[in-house]
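[1] sequence first, then the predicted structure:
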Amino acid sequence: MPEGHVIHRLSTGLNSRFEGTRVQVASPQGRFAAAAGLLNATELISAEAVGKHLLIDFESGRTVWIHLGLIGKLRFVPVTSQIPNPQTLRLRIWDGREAADLRGPQWCRLIDTAERQAVLDSSGPDPLRADADPERAWRKVQASARPIGVLLMDQKAFAGVGNIFRAEVLFRHGIDPQLPAKALPRQVFDSIWTDLVGLMNYAVDAGRIDTVAEQHTPAAMKRPARVDAHGGEVYVYRRLGEPCLVCGTPVSGSALAGRNLYWCSSCQPTGSSGHANRL
DNA sequence: TTAGCATGCGTAC
DNA sequence: TACGCCTGCTAAT
(Lines give C-alpha, C1' and ligand atoms only; values in the text may rest on other atoms or scores of the structure.)
Protein backbone atom coordinates (compact mmCIF):
# COMPACT_ATOMS: atom_id res chain seq x y z
CA MET A 1 0.00 0.00 0.00
CA PRO A 2 2.29 2.68 1.15
CA GLU A 3 3.58 5.41 -1.10
CA GLY A 4 3.44 8.92 0.32
CA HIS A 5 -0.21 9.56 -0.47
CA VAL A 6 -1.23 6.70 1.82
CA ILE A 7 0.71 8.17 4.74
CA HIS A 8 -0.87 11.59 4.21
CA ARG A 9 -4.33 10.03 4.17
CA LEU A 10 -3.53 8.23 7.41
CA SER A 11 -2.38 11.39 9.14
CA THR A 12 -5.59 13.10 8.07
CA GLY A 13 -7.60 10.12 9.30
CA LEU A 14 -5.86 10.14 12.66
CA ASN A 15 -6.46 13.86 13.09
CA SER A 16 -10.12 13.69 12.17
CA ARG A 17 -10.71 10.99 14.74
CA PHE A 18 -8.31 11.66 17.59
CA GLU A 19 -6.74 15.10 17.35
CA GLY A 20 -6.85 16.84 20.70
CA THR A 21 -8.46 13.93 22.50
CA ARG A 22 -7.33 11.68 25.31
CA VAL A 23 -6.89 8.23 23.78
CA GLN A 24 -6.15 4.74 24.89
CA VAL A 25 -2.98 3.14 23.60
CA ALA A 26 -1.90 -0.49 23.73
CA SER A 27 0.31 -3.02 22.01
CA PRO A 28 -1.64 -6.30 22.01
CA GLN A 29 1.34 -7.99 20.37
CA GLY A 30 3.61 -6.73 23.13
CA ARG A 31 6.48 -5.41 21.02
CA PHE A 32 5.54 -1.77 21.69
CA ALA A 33 4.09 -2.35 25.12
CA ALA A 34 6.48 -0.21 27.17
CA ALA A 35 5.93 2.85 25.00
CA ALA A 36 2.20 2.22 24.77
CA GLY A 37 2.06 2.24 28.54
CA LEU A 38 3.59 5.71 28.63
CA LEU A 39 1.14 7.02 26.06
CA ASN A 40 -2.03 5.43 27.34
CA ALA A 41 -4.66 7.88 28.58
CA THR A 42 -2.70 10.88 27.33
CA GLU A 43 -3.71 13.42 24.73
CA LEU A 44 -3.00 12.81 21.06
CA ILE A 45 -1.95 16.29 19.96
CA SER A 46 -1.88 15.69 16.19
CA ALA A 47 -0.49 13.54 13.39
CA GLU A 48 1.77 14.61 10.54
CA ALA A 49 3.09 12.96 7.38
CA VAL A 50 6.53 13.58 5.90
CA GLY A 51 7.24 11.50 2.83
CA LYS A 52 6.62 7.92 3.93
CA HIS A 53 7.06 8.76 7.61
CA LEU A 54 4.12 9.15 9.96
CA LEU A 55 4.57 11.16 13.15
CA ILE A 56 1.94 11.01 15.86
CA ASP A 57 2.49 13.58 18.59
CA PHE A 58 1.29 13.04 22.12
CA GLU A 59 1.48 15.33 25.11
CA SER A 60 4.74 15.69 27.06
CA GLY A 61 6.76 15.89 23.84
CA ARG A 62 6.36 12.23 22.98
CA THR A 63 6.05 11.19 19.35
CA VAL A 64 5.32 7.83 17.78
CA TRP A 65 7.40 7.49 14.62
CA ILE A 66 5.99 4.99 12.17
CA HIS A 67 7.31 3.73 8.86
CA LEU A 68 5.09 1.14 7.24
CA GLY A 69 7.76 -0.27 4.94
CA LEU A 70 6.58 -2.61 2.23
CA ILE A 71 3.90 -4.53 4.06
CA GLY A 72 2.87 -2.47 7.05
CA LYS A 73 -0.73 -1.34 7.41
CA LEU A 74 -2.62 1.14 9.53
CA ARG A 75 -6.37 0.69 9.46
CA PHE A 76 -9.32 2.32 11.16
CA VAL A 77 -11.81 -0.13 12.58
CA PRO A 78 -14.79 0.04 14.92
CA VAL A 79 -13.97 -0.84 18.50
CA THR A 80 -15.35 -4.27 19.27
CA SER A 81 -14.98 -6.60 22.21
CA GLN A 82 -12.71 -8.97 20.28
CA ILE A 83 -9.48 -7.83 18.63
CA PRO A 84 -8.77 -9.86 15.49
CA ASN A 85 -5.27 -11.40 15.34
CA PRO A 86 -3.88 -9.62 18.41
CA GLN A 87 -0.54 -11.40 17.93
CA THR A 88 0.17 -9.19 14.90
CA LEU A 89 -1.27 -5.98 16.31
CA ARG A 90 1.75 -3.82 17.10
CA LEU A 91 -0.15 -0.73 18.15
CA ARG A 92 -3.75 0.20 18.77
CA ILE A 93 -4.92 3.76 19.44
CA TRP A 94 -8.58 4.13 20.26
CA ASP A 95 -11.38 6.07 21.81
CA GLY A 96 -14.88 4.88 22.65
CA ARG A 97 -15.84 4.26 19.04
CA GLU A 98 -12.94 3.74 16.67
CA ALA A 99 -9.46 2.27 16.71
CA ALA A 100 -6.36 2.78 14.58
CA ASP A 101 -4.69 -0.62 14.21
CA LEU A 102 -1.04 -0.85 13.15
CA ARG A 103 0.30 -4.16 11.84
CA GLY A 104 3.59 -5.15 10.23
CA PRO A 105 5.36 -1.78 10.23
CA GLN A 106 8.98 -1.54 9.26
CA TRP A 107 9.38 0.41 12.45
CA CYS A 108 7.35 1.96 15.21
CA ARG A 109 9.35 3.88 17.76
CA LEU A 110 8.81 6.36 20.55
CA ILE A 111 10.97 9.43 20.00
CA ASP A 112 11.47 12.83 21.63
CA THR A 113 11.22 16.29 20.11
CA ALA A 114 14.88 16.38 19.04
CA GLU A 115 14.60 13.05 17.26
CA ARG A 116 11.34 14.18 15.72
CA GLN A 117 13.10 17.23 14.27
CA ALA A 118 15.85 14.98 12.94
CA VAL A 119 13.25 12.98 11.01
CA LEU A 120 11.94 16.16 9.41
CA ASP A 121 15.44 17.43 8.64
CA SER A 122 16.59 14.22 7.02
CA SER A 123 13.66 14.05 4.64
CA GLY A 124 13.84 15.44 1.15
CA PRO A 125 11.07 17.71 -0.17
CA ASP A 126 7.68 16.02 -0.22
CA PRO A 127 5.48 17.00 -3.19
CA LEU A 128 2.44 16.57 -0.95
CA ARG A 129 3.54 19.21 1.54
CA ALA A 130 2.87 22.88 1.06
CA ASP A 131 6.24 23.71 2.59
CA ALA A 132 8.20 21.55 0.12
CA ASP A 133 11.10 23.25 -1.62
CA PRO A 134 11.62 21.71 -5.09
CA GLU A 135 14.99 23.48 -5.34
CA ARG A 136 16.37 20.94 -2.89
CA ALA A 137 15.31 18.14 -5.23
CA TRP A 138 16.73 19.98 -8.21
CA ARG A 139 20.12 20.32 -6.52
CA LYS A 140 20.17 16.56 -5.95
CA VAL A 141 19.22 15.89 -9.56
CA GLN A 142 21.75 18.32 -10.91
CA ALA A 143 24.59 16.82 -8.89
CA SER A 144 23.92 13.14 -9.49
CA ALA A 145 25.24 10.81 -12.16
CA ARG A 146 22.89 8.09 -10.97
CA PRO A 147 19.99 7.18 -13.26
CA ILE A 148 16.96 9.41 -12.82
CA GLY A 149 14.95 6.23 -12.21
CA VAL A 150 17.10 5.63 -9.14
CA LEU A 151 17.03 9.20 -7.89
CA LEU A 152 13.25 9.33 -8.00
CA MET A 153 13.24 6.59 -5.35
CA ASP A 154 15.71 8.48 -3.15
CA GLN A 155 13.69 9.79 -0.21
CA LYS A 156 16.21 12.58 0.34
CA ALA A 157 15.44 13.88 -3.16
CA PHE A 158 11.74 13.10 -3.69
CA ALA A 159 10.09 12.19 -0.37
CA GLY A 160 7.00 10.04 -0.68
CA VAL A 161 7.64 8.90 -4.24
CA GLY A 162 7.59 5.11 -4.56
CA ASN A 163 7.82 2.51 -7.28
CA ILE A 164 4.49 3.32 -8.92
CA PHE A 165 4.92 7.08 -9.12
CA ARG A 166 8.49 6.57 -10.34
CA ALA A 167 7.46 4.42 -13.28
CA GLU A 168 4.42 6.50 -14.15
CA VAL A 169 5.99 9.95 -14.01
CA LEU A 170 8.91 8.81 -16.18
CA PHE A 171 6.48 7.39 -18.70
CA ARG A 172 4.30 10.49 -18.71
CA HIS A 173 7.33 12.59 -19.60
CA GLY A 174 8.91 10.20 -22.09
CA ILE A 175 12.12 9.87 -20.06
CA ASP A 176 14.56 6.96 -20.28
CA PRO A 177 14.78 5.66 -16.68
CA GLN A 178 18.51 5.06 -17.16
CA LEU A 179 19.20 8.67 -18.10
CA PRO A 180 21.84 10.15 -15.77
CA ALA A 181 19.97 12.52 -13.48
CA LYS A 182 22.28 15.42 -14.25
CA ALA A 183 21.34 15.16 -17.94
CA LEU A 184 17.75 16.09 -17.14
CA PRO A 185 16.90 19.58 -18.46
CA ARG A 186 15.62 22.06 -15.88
CA GLN A 187 12.33 22.50 -17.69
CA VAL A 188 11.72 18.75 -17.63
CA PHE A 189 12.53 18.61 -13.92
CA ASP A 190 10.05 21.42 -13.29
CA SER A 191 7.45 19.56 -15.28
CA ILE A 192 8.10 16.34 -13.33
CA TRP A 193 7.77 18.11 -10.00
CA THR A 194 4.52 19.79 -11.00
CA ASP A 195 3.20 16.48 -12.26
CA LEU A 196 4.12 14.70 -9.02
CA VAL A 197 2.30 17.36 -7.00
CA GLY A 198 -0.81 16.82 -9.11
CA LEU A 199 -0.68 13.03 -9.29
CA MET A 200 0.07 12.57 -5.61
CA ASN A 201 -2.58 15.01 -4.44
CA TYR A 202 -5.08 13.28 -6.68
CA ALA A 203 -4.10 9.98 -5.04
CA VAL A 204 -4.61 11.49 -1.58
CA ASP A 205 -8.09 12.69 -2.52
CA ALA A 206 -9.12 9.58 -4.47
CA GLY A 207 -7.52 7.03 -2.15
CA ARG A 208 -5.80 5.36 -5.07
CA ILE A 209 -3.15 6.07 -7.66
CA ASP A 210 -4.61 6.99 -11.02
CA THR A 211 -2.11 8.40 -13.49
CA VAL A 212 -4.41 8.33 -16.50
CA ALA A 213 -7.24 10.42 -15.07
CA GLU A 214 -8.63 12.96 -17.50
CA GLN A 215 -7.87 15.92 -15.31
CA HIS A 216 -4.14 15.45 -15.56
CA THR A 217 -3.77 13.77 -18.92
CA PRO A 218 -4.02 15.42 -22.34
CA ALA A 219 -5.79 13.95 -25.33
CA ALA A 220 -2.41 13.29 -26.97
CA MET A 221 -1.76 10.62 -24.35
CA LYS A 222 -4.80 8.59 -25.49
CA ARG A 223 -6.23 8.02 -22.07
CA PRO A 224 -7.25 4.40 -21.80
CA ALA A 225 -10.22 3.22 -19.80
CA ARG A 226 -8.58 0.44 -17.88
CA VAL A 227 -8.70 -0.29 -14.19
CA ASP A 228 -5.48 -1.73 -12.90
CA ALA A 229 -5.67 -4.66 -10.50
CA HIS A 230 -3.87 -2.64 -7.86
CA GLY A 231 -6.68 -0.23 -7.38
CA GLY A 232 -5.88 2.49 -9.87
CA GLU A 233 -5.25 3.13 -13.50
CA VAL A 234 -1.68 3.26 -14.73
CA TYR A 235 0.28 3.35 -17.95
CA VAL A 236 3.15 0.96 -17.33
CA TYR A 237 3.40 -0.11 -13.69
CA ARG A 238 3.26 -3.93 -13.47
CA ARG A 239 2.11 -4.20 -17.07
CA LEU A 240 5.16 -6.19 -18.26
CA GLY A 241 4.62 -7.53 -21.76
CA GLU A 242 1.24 -5.90 -22.19
CA PRO A 243 0.86 -3.38 -25.00
CA CYS A 244 1.73 0.22 -24.16
CA LEU A 245 -1.57 2.08 -23.79
CA VAL A 246 -0.27 4.86 -26.01
CA CYS A 247 1.74 3.17 -28.78
CA GLY A 248 1.12 -0.58 -28.44
CA THR A 249 4.74 -1.61 -27.86
CA PRO A 250 5.02 -4.35 -25.20
CA VAL A 251 5.90 -2.80 -21.84
CA SER A 252 9.47 -3.54 -20.71
CA GLY A 253 10.55 -4.48 -17.21
CA SER A 254 13.74 -4.95 -15.26
CA ALA A 255 15.15 -4.25 -11.83
CA LEU A 256 16.52 -0.80 -11.08
CA ALA A 257 17.62 0.23 -7.61
CA GLY A 258 16.59 -3.25 -6.52
CA ARG A 259 12.96 -2.73 -7.48
CA ASN A 260 10.92 -3.69 -10.49
CA LEU A 261 10.84 -0.93 -13.05
CA TYR A 262 8.47 -0.73 -16.00
CA TRP A 263 8.74 1.45 -19.07
CA CYS A 264 7.90 1.67 -22.76
CA SER A 265 10.98 1.36 -24.94
CA SER A 266 9.26 3.29 -27.71
CA CYS A 267 7.75 6.16 -25.69
CA GLN A 268 10.87 6.34 -23.49
CA PRO A 269 13.74 5.51 -25.88
CA THR A 270 17.30 5.09 -24.67
CA GLY A 271 18.90 8.44 -23.97
CA SER A 272 15.66 10.39 -24.03
CA SER A 273 15.65 13.31 -21.62
CA GLY A 274 11.92 13.75 -21.94
CA HIS A 275 9.43 16.43 -22.83
CA ALA A 276 8.75 19.48 -20.70
CA ASN A 277 5.50 20.47 -22.36
CA ARG A 278 3.95 17.12 -23.11
CA LEU A 279 1.54 17.40 -20.21
C1' DT B 1 -2.58 -25.64 1.80
C1' DT B 2 1.47 -23.55 0.27
C1' DA B 3 4.54 -20.51 -2.25
C1' DG B 4 5.56 -16.28 -3.99
C1' DC B 5 5.25 -11.66 -4.30
C1' DA B 6 4.44 -6.72 -2.83
C1' DT B 7 3.47 0.63 -3.45
C1' DG B 8 10.39 -0.17 1.58
C1' DC B 9 14.57 0.25 3.64
C1' DG B 10 18.65 -0.89 6.66
C1' DT B 11 22.77 -3.64 6.95
C1' DA B 12 26.51 -6.64 5.53
C1' DC B 13 29.46 -8.11 1.98
C1' DT C 1 24.13 -6.56 -4.88
C1' DA C 2 22.00 -9.78 -1.59
C1' DC C 3 19.55 -10.52 2.31
C1' DG C 4 16.53 -9.93 6.32
C1' DC C 5 12.47 -8.07 8.30
C1' DC C 6 7.41 -7.46 9.10
C1' DT C 7 2.16 -9.29 7.09
C1' DG C 8 -1.43 -10.26 3.84
C1' DC C 9 -3.09 -11.17 -0.61
C1' DT C 10 -3.08 -14.00 -4.71
C1' DA C 11 -1.86 -17.69 -7.60
C1' DA C 12 -0.39 -22.19 -7.89
C1' DT C 13 -0.68 -26.86 -6.14
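    Looks like it arrived, so ask away. Everything quoted here is computed from the prediction, not taken from an experiment.
[2] can you tell me which residues contact the closest residue to A:Leu179 other than its chain neighbours?
    Spatial nearest neighbour of A:Leu179, excluding adjacent residues (Cβ to Cβ, 6 or more residues apart in numbering): A:Ile148 at 5.1 Å. Just so you know, the C-beta spots here come from the backbone N, C-alpha and C atoms, and that holds for glycine as well. Residues near A:Ile148 by Cβ atoms under 8 Å, 6 or more residues apart in numbering: A:Val141, A:Leu170, A:Ile175, A:Pro177, A:Leu179, A:Pro180, A:Ala181, A:Leu184.
[3] distance of A:Ile148 from DNA strand C?
    Distance of A:Ile148 to DNA strand C, given as Cβ to the nearest atom of the strand, to the nearest Å: 16 Å.
[4] which residue does the stretch 51-200 of chain A bring closest to DNA strand B?
    Proximity to DNA strand B, evaluated over the stretch 51-200 of chain A using Cβ to the nearest atom of the strand, is greatest for A:Gly162 at 2.4 Å.
[5] give me the nearest residue to A:Arg166, chain neighbours excluded.
    Once flanking residues are discounted, A:Arg166 sits nearest to A:Leu152: 4.3 Å by Cβ to Cβ, 6+ apart.
[6] I figured that neighbour hits A:Leu170, correct?
    Yes - A:Leu152 sits in contact with A:Leu170 when judged by Cβ atoms under 8 Å, with a separation of 7.2 Å.
[7] and A:Glu43, helix, strand or coil?
    strand (DSSP: H, G, I helix; E, B strand; the rest coil).
[8] no, scratch that, I was asking about A:Asp101
    Taking three-state DSSP, the label given to A:Asp101 is strand.
[9] then A:Ile66?
    strand.
[10] could you look up the SS state of the residue nearest to it when sequence neighbours are not counted?
    Spatial nearest neighbour of A:Ile66, chain neighbours left out: A:Leu54 (4.3 Å); criterion: Cβ to Cβ, 6+ apart. Three-state assignment for A:Leu54 (three-state DSSP): strand.
[11] burial of A:Ile71, as a residue count?
    A:Ile71 has 11 neighbours, counted by other Cβ atoms under 10 Å.
[12] one more: A:Ile7?
    Residues lying near A:Ile7 (other Cβ under 10 Å) number 29.
[13] what's the pLDDT at it?
    On the pLDDT scale, A:Ile7 is placed at 97.
[14] in the stretch 1-150 of chain A, which residue sits nearest DNA strand C?
    Residue nearest to DNA strand C within the stretch 1-150 of chain A (Cβ to the nearest atom of the strand): A:Gly104, separated by 2.8 Å.
[15] doesn't A:Ile71 make contact with that residue?
    Yes - counting by Cβ under 8 Å, A:Gly104 touches A:Ile71, with 4.9 Å between them.
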